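Engineer: for reference, the sequence and a predicted model appear below.
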Amino acid sequence: MTKTANILETAAPGITGVAQRNTAQFQSSVALNTRAVVFSSRIMRPTYLEVIRVSFAINTQRLLQLRFWACLSNTTRVISTGRNMPSDGRNLMAHSGPQDYTVGDGQEGEILIQRRVLLPPGSFLAVDGDNTDLLNAHTIDVAMDILELEG
């Protein structure tokens, strides 16, 4: 369900106007010992990312590393480890701690990550899941709360 309202003054400090609240969903399976990237559809209007909501299944045991990206395209490239990652863009977890990713700790639950990023039209959001588990596939289950700006 989406709502249109003048909500930017509190949600996005310094940005005013009318916005439509929406959620970008990312769900995919990542095979054992592989890396997968899931892209949003193309962002058509200036969009403000507010919160990343990550759900981990029980027994993930820090074996699924998730990175979140703001990208200029929806293409991937192979890196030196032989795994895929977005071709371009900015890792939204960079410079926020000792790692540029988040992991589940074995408990089932949801992690909320506050990120306040303004995305230009034509860009994409992406979730990059690196499954280092040698025995089991794991699931990407991420929702990003966004405000699509009018005009």
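Structural biologist: Cool, got the structure.
Engineer: give me the element residue 141 is part of.
Structural biologist: Using DSSP states H and E, residue 141 sits in strand 138-149.
Engineer: so what strands line up beside that strand?
Structural biologist: Sheet pairing here is set by DSSP bridges, and for strand 138-149 it gives strand 19-30 (antiparallel), strand 47-56 (antiparallel).
Engineer: which other residues reach the shortest one?
Structural biologist: Where contact means C-beta atoms under 8 Å, 6 or more residues apart in numbering, the residues beyond strand 47-56 that reach it are 8, 11-12, 15, 19, 64, 66, 68, 70, 92, 102-105, 107-119, 121, 125, 141-149. In short, each C-beta sits where N, CA and C put it, glycine included.
Engineer: buried ones in it?
Structural biologist: Across strand 47-56, burial judged by 16 or more other C-beta atoms under 10 Å covers 47-49, 52, 54, 56.
Engineer: could I get the residues you listed in JSON lines, plus columns for distance to residue 33?
Structural biologist: Shown next, in JSON lines, are the buried residues of strand 47-56 (distance: C-beta to C-beta, whole Å):
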{"residue": "47", "distance to residue 33": "34"}
{"residue": "48", "distance to residue 33": "36"}
{"residue": "49", "distance to residue 33": "30"}
{"residue": "52", "distance to residue 33": "25"}
{"residue": "54", "distance to residue 33": "21"}
{"residue": "56", "distance to residue 33": "18"}
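Engineer: please, where are all the helices along this structure?
Structural biologist: Along the chain, counting by DSSP state H, helices occupy 8-11.
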